[in-house]
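> Mind looking at a prediction? Sequence and model below.
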Amino acid sequence: MTSEEIRDRVSSVCASQPFGFTRAQTPFSFDLQPTGVIDEVFRLEQEAAGVIGGFSFTEERTDLVHLWVARKHAGDPERTYTQLLTDASSLRAAVIRDGCDVSGEYCVPDEGSAYSLQREPGREFAVLRVTVPVNYETTV
């Protein structure tokens, strides 16, 4: 696999059911996303976390995949907060399942997963950030 293929796999998890999230216009922020269509939008960034060299130009990589999901408050911030907590565990589980059962091309190590919720004053949406380590083999 390549890092681009990992990105595509995780993006497809976010865009498919049961989530059905829409990819943001840019992977770097939600700033270019119109607020009218910010609800259930995701973006994804990837960061190299470790490499173990192999033989014949192969290596084992672990990348940190950072997923952000935006949800509108819609007048009920408590419900939005609860939904984002559910999204955090559900997304992690879906990525684990995809790596193990669906593609079989990567795995998610037990250590390194994290999530946080944030809301910027003046914005009508909250953001979930989920970090999932993804381990895979690739060629150099």
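Happy to help now that I have it.

> May I ask you to name the longest helix in this protein?
If you go by DSSP state H, the chain has its longest helix at helix 77-97.

> Distance from that helix to the middle of the chain?
Centroid separation for helix 77-97 versus its chain: 11 Å, with Cα atoms, centre = their mean, to the nearest Å.

> That one packs against which elements?
If you count contacts as 3 or more Cβ pairs under 8 Å, 6 or more residues apart in numbering; DSSP states H and E, helix 77-97 packs onto helix 3-15, strand 58-72, strand 114-118, strand 125-139. Quick note: C-beta positions are derived from backbone N, CA and C, even for glycine.

> who does the third one pair up with?
Right, strand 114-118. strand 125-139 (antiparallel) (DSSP bridges).

> picking up where we left off before, what is the orientation angle of the longest helix of the chain with strand 58-72?
160 degrees (axes from the mean of the first three to the mean of the last three Cα atoms, to 10 degrees).

> What residues sit buried inside helix 77-97?
By neighbour count on 16 or more other Cβ atoms under 10 Å, the buried set for helix 77-97 is 80, 81, 83, 84, 87, 88, 91, 92, 94, 95, 96.

> Most widely separated two among those?
Across the buried residues of helix 77-97, the longest distance by Cβ to Cβ is 24.8 Å; it joins 80 and 96.

> Tell me the gap between the lowest-mean-pLDDT helix or strand in the chain and the middle of its chain.
Least confident element among the helices and strands of the chain, by mean pLDDT, DSSP states H and E: strand 41-53 (a mean of 89). Taking Cα atoms, centre = their mean, one finds the center of strand 41-53 at 10 Å from the center of the full chain.
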